[in-house]
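Colleague: Structure for the following, please:
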Amino acid sequence: MRAVVQRVSEASVSVEGRTVSSIGKGLLILLGVGLEDDESDAQYLANKIANLRIFEDEGGKMNLSVLDVGGEALVVSQFTLYGDCRKGRRPSFTGAAPPEKAKELYSKFIEFLRQEGVPTKEGIFQAKMMVHLVNDGPVTILLDSKKLF
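Modeller: All right, here's what the predicted structure looks like:
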């Protein structure tokens, strides 16, 4: 399972011109599910992200988590995180989980993140979404549950 985690001052998701979710200060999480992923990957990433210290303390050091600052999370499914561009010019998505499995683990990840205590909103799975954000910093972190990077 892969995640692009962005520290934001605000973020929202729109579908067909209608805002379906929005948050203030917190994290925008773009989440991709791979073929080999299971619930343990969702649990690992939810715990890692909830406790990731990427918010500044009073001294300006990244020392606080989204939990510490009372922030929220907005989770958007993004299978393209498994795009393989090593050959040719068109990405291959053979490493991405099929939609049924991806939706199940996407939902589990959101459930685990909420269990960690993070107020969490979500996009609409498989919808064409417009994602709006104000990246604070900018701070963007890449995570992989298999620890590939």
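
Colleague: Give me the residue at the spatial middle of this protein.
Modeller: Nearest to the mean C-alpha position of the chain, counting by CA atoms, centre = their mean, stands residue 29 at 2.1 Å.

Colleague: By neighbour count, which bits of the strand or helix carrying residue 132 are buried? Give me those.
Modeller: Taking DSSP states H and E as the definition, residue 132 sits inside strand 130-144. With burial defined by 16 or more other CB atoms under 10 Å, the residues of strand 130-144 counted as buried are 131, 133, 136, 143. Glycine gets a C-beta too; all of them are placed from N, C-alpha and C.

Colleague: do the same with stretch 113-126
Modeller: 113, 116, 118, 120-123.

Colleague: Am I right that residue 37 is in a strand?
Modeller: No - remark: residue 37 does not belong to a strand; assigned using DSSP: H, G, I helix; E, B strand; the rest coil, it is coil.

Colleague: Please shift the residue numbers so they start at 786 in all later answers.
Modeller: In the new count, where the first residue is 786, that last one comes out as residue 822.

Colleague: Next up, the contacts around the nearest residue to it once chain neighbours are set aside.
Modeller: Spatial nearest neighbour of residue 822, chain neighbours left out: residue 786 (4.7 Å); criterion: CB to CB, 6 or more residues apart in numbering. By CB atoms under 8 Å, 6 or more residues apart in numbering, the contact set of residue 786 is 816-819, 822, 826-827, 829-830, 890, 894, 929-930.
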